[in-house]
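**Student:** Below are the sequence and a predicted model for it; my questions follow.
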Amino acid sequence: MGNWSITLTTAKKAKPAADQLGFGKYFTDHMLLMDYTADQGWHDPRIVPYGPISLDPSAMVFHYGQEVFEGMKAYRTPQGELVLFRPDMNLRRLNHSCLRLGIPQVDPEEVLEGICRLLALEEEWMPEGEGNSLYIRPFIIATEAGLGVRAAEEYRLIVILSPVGAYYREGIHPVRIYVEDRYVRAVRGGTGEAKTSGNYAAGIKAQEDVKSLGFSQVLWLDGIEKKYIEEVGSMNVFFKIAGEVVTPELNGSILAGVTRDSVIHLLREWGVPVKERRISIEELFEAHKEGKLEEAFGTGTAAVISPIGSMTWEGHDMEIAGGQTGALSAKLYETLTGIQRGEREDSFGWRYSVR
């Protein structure tokens with residue numbers, strides 16, 4: 001990749017108030033870019049002022065969807081240190097997504113170096129306030145101009161930063177979920193295990209439909225039998241049934257979440273039985289009828305832990321944990337956010353210092 005070049009902005013932006021951040025509304029002064037061509041590989045790593053990019057109308061990303069992305073966060077510890085949470089897993093997953101979409105893989109160590117350089121330059125954008133963080137969005141797009149249906153030969157890696165607020169301003173709260181019975185998010189052999197925009201586009205219609213009915217999100221079933229649980233919204237999902245925690249196994253259509261993996265590690269360390277296996281909506285319904293469905297929650301970078309208070313399937317309403325946040329969900333949330341922010345011991349070595 002050679003030497004990094006840095007071009008500083010001549011017009012810094014005003015920073016938003018910490019209590020007005022939301023998610024993905026504001027962006028920092030600079031961004032990271034890197035290009036790929038078939039003859040040079042990945043080259044020209046640079047940090048430049050944040051701004052629009054110019055692409056040919058026939059750029060292949062617009063027509064055949066060769067695009068992958070990641071989502072990470074940087075945190076400020078009580079000691080003032082800037083840290084990341086398991087960035088190695090995010091970059092391995094980025095390369096896995098690249099492989100599935102026919103995009104050239106990147107050097108994870110050098111991309112991480114670039115992200116750290118960008119974070120160091122933009123450190124003043126780290127928002128103050130409990131629960132606030134600096135969101136990191138690396139993504140790769142096919143930039144070659146042409147309409148031939150094939151893998152592109154030119155790409156661009158871009159990393160942008162966004163100061164974001166706490167997902168839950170008044171503590172975590174359970175959400176209402178609708179079990180989707182019409183649309184599917186992904187199928188085994190498709191792109192469900194990759195983090196690519198098409199997977200999210202496929203879920204928008206269903207999400208909008210259920211929001212109009214008063215639900216927060218959808219629970220996705222498998223695309224073949226429409227029987228087995230896969231994800232909730234854009235998150236992995238867990239269920240505590242008669243003392244045992246169950247999460248759908250990674251089967252080729254489910255994204256391997258970093259938070260998902262972290263939750264499994266914590267549960268095993270605590271001695272809580274946890275299994276990765278297929279689980280049908282019928283099994284879940286029966287467990288609820290028998291009073292064995294004790295908790296349910298989604299896991300992901302944005303919310304960390306999102307408790308599920310109720311689920312509706314084929315006209316049946318299933319209230320979970322009395323519609324409240326379960327004890328295990330709360331413990332996982334407090335532990336993970338504590339590790340991420342440097343407020344709890346990191347026995348797994350998950351925190352990564354930016355410098």
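**Tutor:** Perfect, thanks for sending it.

**Student:** Grab the nearest non-local neighbour of residue 337.
**Tutor:** residue 304 (5.8 Å; C-beta to C-beta, 6 or more residues apart in numbering). For glycine as for every other residue, the C-beta is placed from the backbone atoms N, C-alpha and C.

**Student:** Now tell me what touches stretch 9-22 from outside.
**Tutor:** Stretch 9-22 is contacted from outside by 25-26, 28-30, 49-50, 124-125, 127-129, 132, 163-165, using C-beta atoms under 8 Å, 6 or more residues apart in numbering.

**Student:** Can I get that stretch in CSV? Just the C-alpha atoms.
**Tutor:** What follows is stretch 9-22, C-alpha atoms only, in CSV (Å, rounded to 0.1, in the frame of the first residue of the first chain):
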residue,chain,number,x,y,z
THR,A,9,-9.5,20.3,5.2
THR,A,10,-9.4,24.1,5.1
ALA,A,11,-13.0,24.4,6.3
LYS,A,12,-13.8,22.5,9.5
LYS,A,13,-17.4,21.8,10.3
ALA,A,14,-19.3,22.9,13.4
LYS,A,15,-19.8,19.9,15.7
PRO,A,16,-23.3,18.9,16.7
ALA,A,17,-24.5,19.1,20.3
ALA,A,18,-23.9,15.8,22.1
ASP,A,19,-27.7,15.4,22.9
GLN,A,20,-28.7,15.9,19.2
LEU,A,21,-26.6,13.2,17.5
GLY,A,22,-29.0,10.5,16.6
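
**Student:** quick revisit: and the furthest pair within the contacts of stretch 9-22?
**Tutor:** Within the contacts of stretch 9-22, 49 and 129 form the most distant pair, 26.3 Å apart (C-beta to C-beta).

**Student:** Which element, helix or strand, includes the nearest residue to residue 122 once chain neighbours are set aside?
**Tutor:** Spatial nearest neighbour of residue 122, chain neighbours left out: residue 28 (4.4 Å); criterion: C-beta to C-beta, 6+ apart. Using DSSP states H and E, residue 28 sits within no helix or strand.

**Student:** Was I right to think residue 28 contacts residue 119?
**Tutor:** No. At 9.4 Å, residue 28 and residue 119 do not qualify as touching, with contact defined as C-beta atoms under 8 Å.

**Student:** Check the contact lists of the two and give me the overlap.
**Tutor:** Common neighbours of residue 28 and residue 119 (criterion: C-beta under 8 Å, 6+ apart): 134, 161.
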